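all I have is the shape, not the residue letters:
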């Protein structure tokens with residue numbers, strides 16, 4: 001069927017304006033056309049890719065067999081459809097659902113390939129969130145049961161040793177041993193308390209406040225905690241939306257994140273603490289639409305290794321040397337944030353350094369008035 005010139009013009013204009021990514025190659029895979037959405041997604045301008053083979057997008061995340069099977073399939077004249085990880089011009093990767101369709105001439109010979117990319121960023125993010133949520137829920141149930149049982153045992157041990165200590169002569173061997181047992185037991189009880197926070201096994205007492213208020217109270221304490229080698233800068237938004245949280249728990253979460261950043265930087269570097277309003281646009285796709293008050297802490301360290309990111313908030317997972325960390329710091333932060341109705345995201349800055357972003361739902365005017 002012959003397509004009229006005006007129809008061809010409309011089709012081309014539609015592709016040019018489409019948010020989906022289109023590109024066309026010749027039969028050997030050299031790019032002969034890309035639409036503006038391709039340029040926006042990949043960072044490559046049209047002149048940079050015309051005449052180049054589509055392999056410039058290869059990320060290295062797939063084995064050679066993946067590309068060989070794809071190529072063998074489309075060379076037979078059949079469509080290929082699947083998820084593929086590609087690389088942008090700046091080196092970052094993205095995952096999308098792509099369909100490659102062979103284009104044939106009137107003799108049935110393949111002359112070109114049309115590639116259509118469908119953005120699945122939202123789907124993959126929601127899948128990752130669901131998997132993480134299910135994993136953390138299972139770990140939380142286990143942590144809650146363990147912490148409950150051990151808390152009961154430690155309560156008995158601490159209470160009994162305090163009574164025994166009163167009966168012993170100060171300075172005696174028995175008194176020294178008892179003191180050491182009490183110290184170790186109380187340290188263990190503190191770890192159990194962190195586990196209970198992660199497992200959300202304590203009563204919440206939230207109040208209406210802004211994120212700026214507890215942060216202002218933390219400034220002197222943070223300077224003391226981080227040491228002279230770490231410079232802390234603040235960018236706290238005015239007119240920040242109010243949220244309903246436990247301020248003391250937020251302080252604990254911030255201190256844990258700041259200490260983690262200090263350790264990652266080796267005790268020397270910079271930390272930026274920000275607050276701002278966000279939403280309903282410009283927030284992660286996995287969050288319900290609406291306004292949020294946002295807390296963000298970033299550092300100038302080496303960033304978070306790719307293989308570590310999915311496990312950041314698991315209890316007892318740590319990259320620190322043996323004896324240098326319990327692996328409960330970030331899991332405690334996770335527990336605090338979720339108990340206060342928020343969500344936390346860990347990522348890396350493009351120029352280096354880790355960034356943790358926490359979104360708390362803003363309290364609506366009707367809720368403030370108690371309606």
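Here it is on my side, so go on. For clarity, every value in this text was computed on a predicted model and none was experimentally measured. Numbering: from 1, shown residues only.

contact partners for the nearest residue to residue 19 once chain neighbours are set aside?
Nearest residue to residue 19 in three dimensions, chain neighbours excluded: residue 37, at 5.7 Å (Cβ to Cβ, 6 or more residues apart in numbering). For every residue, glycine as well, the C-beta is placed using N, CA and C. Residues near residue 37 by Cβ atoms under 8 Å, 6 or more residues apart in numbering: 18, 19, 20, 21, 22.

count of neighbours near the second one?
In this case it means residue 19. 10 (other Cβ atoms under 10 Å).

show me where this structure has its strands.
21-26, 31-34, 80-87, 93-104, 110-119, 207-209, 230-236, 243-245, 269-278, 292-299, 343-348, 354-361 (DSSP state E).

before we move on, the earlier item: how close does the residue nearest to residue 19 get to residue 84?
16 Å (Cβ to Cβ, to the nearest Å).

likewise residue 113?
Where residue 84 is concerned, residue 113 sits at a distance of 14 Å (Cβ to Cβ).

likewise residue 280?
Here residue 280 is placed at a distance of 31 Å from residue 84 (Cβ to Cβ).

more neighbours: which of the two?
residue 84 (22 against 11).

the more buried one pairs with what?
The bridge-partner assignment for residue 84, based on DSSP bridges, gives residue 96.

for residue 38, which non-adjacent residue is spatially closest?
The spatial neighbour of residue 38 that comes closest, neighbours along the chain excluded (Cβ to Cβ, 6+ apart), is residue 21 at 4.7 Å.

I'd say that neighbour and residue 99 touch.
No - counting by Cβ atoms under 8 Å, no contact exists between residue 21 and residue 99, whose distance comes to 11.0 Å.

so what sits against both of these two?
Taking Cβ under 8 Å, 6+ apart as the contact rule, the neighbours common to residue 21 and residue 99 are 115, 116.

thought residue 178 was touching residue 168?
Yes - contact between residue 178 and residue 168 holds when scored by Cβ under 8 Å: they sit 6.1 Å apart.

neighbour count for the two, which is higher?
When neighbours are counted by other Cβ under 10 Å, residue 178 comes out ahead of the other of residue 178 and residue 168, with 20 against 15.

any idea what sits nearest the more buried one, other than its immediate chain neighbours?
Leaving out its chain neighbours, the residue that sits closest to residue 178 by Cβ to Cβ, 6+ apart is residue 165, at 4.7 Å.

count the neighbours of the one you found for me.
16.

pull the contacting residues for it.
By Cβ under 8 Å, 6+ apart, the residues touching residue 165 are 175, 178, 179, 182.

tell me, how many residues neighbour the last one?
I take that to be residue 182. What residue 182 shows, counting by other Cβ under 10 Å, is a neighbour count of 16.

show the pLDDT at it.
pLDDT, residue 182: 86.

and what of the third one?
Model confidence at residue 179, given as pLDDT, is 87.

can you list the weak-confidence ranges in the protein?
Confidence mapping of the chain against pLDDT under 70 gives the ranges 1-14, 18, 119-148, 190-191, 193-204, 315-329, 365-371.

show me it divided up by domain.
Using automatic domain parsing, the domain parsing of the chain gives 5-119, 125-198, 207-368.

ranking these by burial, who's on top?
Taking mean count of other Cβ atoms under 10 Å as the contact definition, the stretch among the domains of the chain with the greatest mean neighbour count is domain 207-368, which reaches a mean of 17.

closest to residue 309 out of the contacts of residue 37?
Of all these, the one sitting nearest residue 309 is residue 21; the distance, using Cβ to Cβ, is 25.8 Å.

kindly provide the distance from that closest one to residue 350.
Using Cβ to Cβ, residue 21 is found at 21 Å from residue 350.

and residue 52, how far from residue 286?
Taken as Cβ to Cβ, the spacing of residue 52 relative to residue 286 amounts to 35 Å.

also residue 29?
In this structure, residue 29 and residue 286 are 36 Å apart, going by Cβ to Cβ.
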